[in-house]
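Student: let's see this in three dimensions:
(2 chains)
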Amino acid sequence: MKSLNVRSKLLLLCIATVFITACQTGSDEIIEDSTTIDGVDQSQLEGLDGSIDGADSDLIALEDGSDGSAIAFGDEGSAQAMLDKADSVISSRVIYFQFDSAKISEESLSTLEAHGSFIASNGNVSVRLEGHSDERGSREYNIALGDRRAQSVRRVLLFQGASVDQLETISYGEEKPAMSGHTDDAWSKNRRVELVYQVN
Amino acid sequence: MNRLVKILILQPFLMLAFSPLNAALTIEISEGTVGALPIAVVPFDTSKLSSKLSADIAQIVTNDLNRSGVLTVLSRKSLPAVPHYSRQVKYPAWRAAGQDYLVVGRVLEKSPGQYDIQFQLLDVLKQKQLIGYSLQTKKRKLRSSAHEISDLIYQKITGIRGAFNTRIAYIRAQRNQGRKYILQVADTDGFNAQTVLESDEPLMSPSWSPDGQSLAYVSFENRRPEIFIQHLSTAKRSKISGFKGINSAPSWSPNGEFLALVLSKDGGPDIYLMNVETKRLTRLTRHRGIDTEPVWSGDGQSIIFTSDRSGSPQIYEVAATGGKPRRITFEGRYNSAASVSPDGKYIALVYGEAGQYKIAQLERDTGNLTVLTDSSLDESPSFSPNGKMVLYASTRGDNGVLYVVSVDGRGKHKLSDQTGDIREPVWGPYKRQQ
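Tutor: Numbering: from 1, shown residues only, chains lettered A, B, ... in the order given. Modelled structure (predicted):
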């Protein structure tokens, strides 16, 4: 129950970060997608606007209080060695999504938290977030949908402390399916964001 | 030219070409056409030629007319006679065969490779000639001349300009050794395919310039989506949009001055207009949802696009000068990828309901939506320049295939081939009058 609360807090803070980023770029747009902020209206976002410093300290508290899977990457050898390790949380590099959705599942959130902490503590790695969709619907809409998924993943990684310079997003829409075929199985494997690491 | 060379050196996986491809698409008749007008097209006389003709003119015309959905051509096996001149026609036999119209013709050789195709369209009931033409042509233009004949016949019978002698563009994907994406143009029957561009990375969303001389398209050759314009006959190309984020869905304005496109540089995907000359950008929509797939109304006054601002993808319209977008589809959970008919009265779109994606046609005046197709993964509808047919992509097995359906939904024909996965067809404009 506690971890759930922490999760929802994390999500809200994430939104606050996004809102502030939007303000900083001078845009009057909120760079956000509707699937992750269901039920959060703009007044709530503005309410969080002033408390970003507090958010940072909350984040540290969260890491300290978590089960440890998401932290302590920096000390265990080179970033490359960590990435090559077969059984670590960050060996899982594909995040899957529901149809026409960019919402990150609870399970994927744990994985992404681990990635985010790893990226944050290894300034020499960069990650390309490649968003994809299944084949249904129109191709250009699917480009936008893949982008929305990549942006969802990016927000979680940024919140975990990854820097903007380390992350790049791209959407391939339905152009590069992981699995061919017109089945539910193929479609569920194709609605994804792939994390492609590079050690610099 | 410099730019071209540079691209070739920097991008070894990218091949620029405009070469004929031998693998021709073939037409299969998928559905009979009920209520179409009966017409017989007799094989043209080629007996006076020094060598065999490389194209069967009457067969090309037959396929064109059948594809229109308006006419149904008598099979060759059922022809009661084989006349080549109107004076040889015995009308009662054609009336007995149930035909309203009859086409006869012959090919004469003026000099080697230079031909004179003569044909006559006859009204079987009135027993008189409706039109008769002599077309001067050469070997490599035989197919084009045959499509011109189809256009003349179609126009005489229906009163509507024919669109057979035009071109289509599409993307062909190949999965032999790794993936290849090929942008091609072909005749409207799928023959005469020519490669415009080949790449190891995705190519998407071709859009014809209104003069039919250039294509705009999206290429991932630099591992991110960017928009290019390429002149077809010179192969000269230039990148016109490479902003951070999405650069996608280009659509040429009817006067050729602007491209509507999708950029995410300022937030979520939004619609922008770019002046093709000056590259100056105007932002048309600003919404945190997805705005994409812009296309122009026939008069260039407004932009029709897809947005999920209401919760699921629907079609909206916004003035080309900006303003508040207005939703125009209300039936079904998923409506996207609009194509506007040249007269602006209809919108073809992808209509999704219960997990099935079909091509439908929206009548602007009444708001009536008519579903034109009956498979489950149809996409990318594109109107013919006369507004009477819709070209679209569907799937068969692992491959994408192209179909043409008449706007009344009666005639549906497949353009098929064995060598790839074909998608994103877009019908080009009328050729310029020569």
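
Student: what is the mean pLDDT for whichever helix in chain B runs longest?
Tutor: In chain B, taking DSSP state H as the definition, the longest helix is helix B:142-158. What helix B:142-158 shows for mean pLDDT is 97.

Student: what sits up against that helix?
Tutor: B:37, B:39, B:53-55, B:57, B:60-61, B:64-65, B:68, B:70-71, B:101, B:103, B:105, B:115, B:117, B:119, B:121, B:130-131, B:133, B:135, B:137, B:160-165, B:187-189, B:191-192 (CB atoms under 8 Å, 6 or more residues apart in numbering or on different chains). From N, CA and C alone the C-beta is placed, and that goes for glycine too.

Student: my read is that B:Y101 contacts B:A40, right?
Tutor: Yes. With contact defined as CB atoms under 8 Å, B:Y101 counts as touching B:A40 (7.3 Å).

Student: who are the contact partners of the nearest residue to B:R364 once chain neighbours are set aside?
Tutor: Spatial nearest neighbour of B:R364, chain neighbours left out: B:K345 (5.6 Å); criterion: CB to CB, 6 or more residues apart in numbering or on different chains. B:K345 sits next to B:363-365, B:387 when contact means CB under 8 Å, 6+ apart.

Student: rewinding a little: got a ChimeraX select line for the buried ones in the contacts of helix B:142-158?
Tutor: Buried members of the contacts of helix B:142-158, defined by 16 or more other CB atoms under 10 Å in any protein chain shown, are picked up in ChimeraX with:
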select /B:37,39,55,57,60,61,64,65,68,70,71,101,103,105,115,117,119,121,130,135,137,162,163,164,165,187,188,189,191,192
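
Student: which of the contacts of helix B:142-158 fall in strands?
Tutor: B:37, B:39, B:71, B:101, B:103, B:105, B:115, B:117, B:119, B:121, B:130-131, B:133, B:135, B:137, B:187 (DSSP state E).

Student: for the residues you listed, which one is nearest chain A?
Tutor: Chain A lies nearest to B:D187 out of the ones in strands among the contacts of helix B:142-158, by CB to the nearest CB, at 23.8 Å.

Student: any idea what that closest one is bridged to?
Tutor: On the basis of DSSP bridges, B:D187 takes part in beta bridges with B:R167.

Student: would you map the helices across chain A?
Tutor: A:2-24, A:42-49, A:52-65, A:79-84, A:106-121, A:139-159, A:184-190.

Student: looking at the ones you listed, which one has the lowest mean pLDDT?
Tutor: helix A:42-49 (a mean of 33).

Student: what about B:S50, how many neighbours?
Tutor: Residues within reach of B:S50, counting by other CB atoms under 10 Å in any protein chain shown, total 8.

Student: wait, it touches B:P112, no?
Tutor: Yes. Counting by CB under 8 Å, B:S50 touches B:P112, with 6.7 Å between them.

Student: re earlier: now for the ones in strands among the contacts of helix B:142-158, which pair is the farthest apart?
Tutor: B:L37 and B:Y115 (28.9 Å; CB to CB).

Student: which non-adjacent residue is nearest the residue in the stretch 101-250 of chain B that chain A sits nearest to?
Tutor: For the stretch 101-250 of chain B and chain A, the shortest gap (CB to the nearest CB) falls at B:P202, measuring 3.9 Å. Nearest-residue entry for B:P202: A:E175, 3.9 Å, with adjacent residues in sequence omitted and distances by CB to CB, 6+ apart.

Student: quick one: contacts for that neighbour?
Tutor: Per CB under 8 Å, 6+ apart, neighbours of A:E175: A:139, B:181, B:202, B:204, B:220.

Student: closest to B:E277 among the residues you listed?
Tutor: B:M204 (24.2 Å).

Student: which helix or strand contains that closest one?
Tutor: Using DSSP states H and E, B:M204 falls within strand B:203-208.

Student: contact partners of that strand?
Tutor: A:139-140, A:143, A:173, A:175, B:169-171, B:181-183, B:197, B:214-220, B:225, B:248-252, B:259, B:424, B:426-429.

Student: what's the burial count for residue 149?
Tutor: You didn't pick a chain, so chain A it is. 29.

Student: right idea, wrong chain: chain B
Tutor: 27.

Student: and A:Q160, by the same measure?
Tutor: 24.

Student: same check on the one 5 residues further on?
Tutor: Here the neighbour count serves as a burial measure; for A:D165 (other CB under 10 Å) it reads 8.

Student: contacting residues around it?
Tutor: By CB under 8 Å, 6+ apart, the neighbours of A:D165 are A:S126.

Student: and the pLDDT for it?
Tutor: 97.

Student: any idea how far B:V262 is from it?
Tutor: 25 Å (CB to CB, to the nearest Å).

Student: likewise A:G123?
Tutor: A:G123 is 33 Å from B:V262, by CB to CB.

Student: of those two, which one has the most company?
Tutor: Neighbour count, other CB under 10 Å: between A:G123 and B:V262, B:V262 has more, with 33 against 14.

Student: if I look at that one, how far off is B:Y217?
Tutor: For B:V262 relative to B:Y217 (CB to CB), the value is 13 Å.

Student: now A:T111
Tutor: Counting by CB to CB - A:T111 and B:Y217 are separated by 36 Å.

Student: and for the residue in the stretch 301-434 of chain B that chain A sits nearest to, the neighbour number?
Tutor: Here the residue of the stretch 301-434 of chain B nearest chain A is B:A337; by CB to the nearest CB that distance is 3.7 Å. When counting by other CB under 10 Å, one arrives at 29 neighbours for B:A337.

Student: touching, it and A:S138? I think so.
Tutor: Yes. Using CB under 8 Å, B:A337 is in contact with A:S138, at 3.7 Å.

Student: and for the two, which residues touch both?
Tutor: Common neighbours of B:A337 and A:S138 (CB under 8 Å, 6+ apart) are B:293, B:306, B:350, B:379-380.

Student: would a markdown table of these with distance to B:S75 be doable?
Tutor: A markdown table is the format used below for the shared contacts of B:A337 and A:S138 (distance: CB to CB, whole Å):
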| residue | distance to B:S75 |
| --- | --- |
| B:E293 | 41 |
| B:T306 | 42 |
| B:V350 | 35 |
| B:E379 | 33 |
| B:S380 | 32 |
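
Student: which strand residues bridge residue 173?
Tutor: This is for chain A. Bridge pairing for A:G173 (DSSP bridges) gives the partners A:H132.

Student: let's do chain B instead
Tutor: Bridge pairing for B:A173 - DSSP bridges - gives B:Y181, B:D421.

Student: now do the contacts for it.
Tutor: B:A173 neighbours (CB under 8 Å, 6+ apart): B:179-182, B:400, B:420-423.

Student: low-confidence stretches in chain B?
Tutor: B:1-34, B:416-419, B:433-434 (pLDDT under 70).

Student: could you report the neighbour count for B:G322?
Tutor: The burial count for B:G322: 14, using other CB under 10 Å.

Student: returning to that earlier point: surely the residue of the stretch 101-250 of chain B closest to chain A meets B:E221?
Tutor: No. At 9.0 Å, B:P202 does not count as touching B:E221 under the criterion of CB under 8 Å.

Student: who is the residue nearest to A:Q151 when sequence neighbours are not counted paired with across the strands?
Tutor: For A:Q151, ignoring the flanking residues on the chain, the nearest one in space by CB to CB, 6+ apart is A:T169 at 6.2 Å. Counting by DSSP bridges, A:T169 forms beta bridges with A:L129.
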